[in-house]
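>>> Whatever this is, show me its structure:
(one chain, ligands or ions: 1)
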Amino acid sequence: MTTSATSHPQTPHLKVALLGAGTVGSQVARVLLDSKDELALRSGVTLDLVGVAVRDVDAKRDYEIPRELLTRDADSVIDAADIVVELTGGIEPARTRILRALNAGTTVVTGNKALLAAHGRELQDAAAASGSQLSYEAAVAGAIPIVRPMRDSLAGDKVTRFLGIMNGTTNFILDQMDTTGAAFDDALAEAQELGYAEADPTADVEGHDAAAKAAVLASLAFHSTFTLDDVHCEGITAVTAEDVATAAEAGYVIKLLSVGERTEDGVNLRVNPVMIPRNHVLGGVHGAYNAVFVEAENAGSLMFYGQGAGGEPTASAVLGDLVSAARAIARGAEGIPLSDHAKLPAVSMDNVTTRMAITVTVKDRLGVLAQIAQVFADHGVSISTMHQTEDPKDQAISVLRLVTHTGRHRDLMDTVGALRELPVVAEVLSVIPVETGD
Ligand code: HSE
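Take a look at the predicted model:
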């Protein structure tokens, strides 16, 4: 930290290094350069952008960063900085670079959910060892302030569960399917045309991005360390237009939810497409928006809503961390080590209780319903509703849509397995959990 006699003589100056100048990084650079005076007046610290490490200094960027700031030499800008902002994504070289900064006592701000979900504990330990700060508001749900509320505002409460729509791409796709009746492939193509989905949409549509965010948020919510491997993860590629229409008829909407839930034995973490009541607050989250619904013992229910992706919204979260870190450095404060005192284990889906919507096609014969009902009874699963229609393409086949009462996930999946083996069942078309929302 230095003080200087340039434009802000009374404020301490801090050197900021930016790693990565893509969609988010270039917006962070824009605000740092264009709003420097205002940020200094607001925070009492002047943030000097001293270098931007990129792979290609000549690449076209959303915001034109002055050429003299751009470099391919990441280590030099890290070593020269008071605060390093990492926005390159991925595991390496991001991990090595962040450790280099933290080990030297340099504050780090990152939006790298994949890295945090894989190596969060290693980074936290490095920060604690050197007294440096590690902040990552942008890693979960873009612009939505949820990391800091979870870490600070709810530090005196006991979080019991969170349910989040934490991936904008999949929410856009499911919302298109719901509002237009589109098939998954068509909705994905539209998301790609509009720039919501990547050319390779795997990380989004298979749920990996949402699962990484769930692991990061759960570590804060439950004062434990969770990684991506702890999250049961199913994407949305198998969700059909028929599933969406059936859910709609029953007053539900299908959403890809990231859930962290305290159980008797630990914490269950899951990302999967579920049916939620259309009138639940998460049912009204449209387009590429994100939202996180948190339940805590004393606070009750809380809802956080906003833009979960995009350059400017995500830059907002990065800059919030940056200003807050700068203020802490200016007053000589060290980073606060993150508590994982509870050390709760991640527990499997087996004992999670849920209702399940199951759609099967059956050969329309005498006694078929009795056989189906017997399979449920044999597994201790109670049927709540059953709706039978004739397959329009084949009168010998019926479509059965069943919704169960609440049961253990293991029993529900064993029931589905047994249905698949039953000779009268032609096909199990879909199996979708139903969140009651209470
Ligand atoms: N691709 C993510 C989304 C944003 O669609 O929400 C970055 O995590």
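>>> Could you pull up the contacting residues of A118?
I91, T227, L228 (CB atoms under 8 Å, 6 or more residues apart in numbering). In this view, the C-beta of every residue, glycine as well, is placed from N, C-alpha and C.
>>> right, I mislabeled it, should have said A211
Residues near A211 by CB under 8 Å, 6+ apart: A117, L228, V231, C233, S258, L269, V271.
>>> go on, L412?
In this structure, L412 makes contact with T354, M356, H379, V381, T404, judged by CB under 8 Å, 6+ apart.
>>> Which ones among those lie within strands?
With DSSP state E as the criterion, strands contain T354, M356, T404 from among these.
>>> Pull out the buried residues from those.
Buried members of the ones in strands among the contacts of L412, counted by 16 or more other CB atoms under 10 Å: T354, M356, T404.
>>> The residue nearest to the first one when sequence neighbours are not counted: what's it in contact with?
The spatial neighbour of T354 that comes closest, neighbours along the chain excluded (CB to CB, 6 or more residues apart in numbering), is P433 at 4.6 Å. Taking CB under 8 Å, 6+ apart as the definition of contact, the neighbours of P433 are N272, V274, M275, T354, R355, M356, A357.
>>> same thing but 6 Å
With contacts taken as CB atoms under 6 Å, 6 or more residues apart in numbering, P433 has the following neighbours: V274, T354, M356.
>>> same question, V159
When contacts are counted by CB under 6 Å, 6+ apart, V159 is found next to A221, A296.
>>> again with the one 5 residues further on
Each residue near G164 by CB under 6 Å, 6+ apart is listed here: S258, V292.
>>> And it, how close does it get to the ligand?
As for G164, its distance to the ligand is 11 Å (criterion: CB to the nearest ligand atom, to the nearest Å).
>>> next one: L257
From L257 to the ligand the distance is 14 Å (CB to the nearest ligand atom).
>>> Could you check how many residues crowd around that residue?
A count of neighbours around L257, defined by other CB atoms under 10 Å, yields 24.
>>> Also V431?
Around V431 sit 18 other residues, with neighbours defined as other CB under 10 Å.
>>> and what of the one 3 residues further on?
Residues lying near V434 (other CB under 10 Å) number 20.
>>> List phi and psi for it.
phi -120, psi 120 (degrees, to the nearest 10).
>>> quick one: it and R355 touch, right?
Yes: with contact defined as CB atoms under 6 Å, V434 counts as touching R355 (4.1 Å).
>>> Could you list everything L257 pairs with in the sheet?
Beta-bridge pairing for L257 (DSSP bridges): N272.
>>> and if you look at the one 4 residues further on?
Legend: beta-bridge partners of E261 under DSSP bridges are R161, N268.
>>> And it, what's its pLDDT?
Note for E261: predicted pLDDT of 97.
>>> now do Q10
Among the per-residue scores, Q10 holds a pLDDT of 72.
>>> Distance-wise, check it relative to the ligand.
Counting by CB to the nearest ligand atom, the gap from Q10 to the ligand is 38 Å.
>>> what about that residue, which SS state?
Secondary structure for Q10, judged by DSSP: H, G, I helix; E, B strand; the rest coil, is coil.
>>> related to what we said a few turns ago, ok, and of the buried ones among the ones in strands among the contacts of L412, which contact the ligand?
With respect to the ligand, and counting by CB under 6 Å from any ligand atom, no part of those is in contact.
>>> Up against the ligand, what does the stretch 151-300 of the chain have?
If contacts are counted using CB under 6 Å from any ligand atom, the residues of the stretch 151-300 of the chain sitting beside the ligand are N167, G168, T169, D204, D209.
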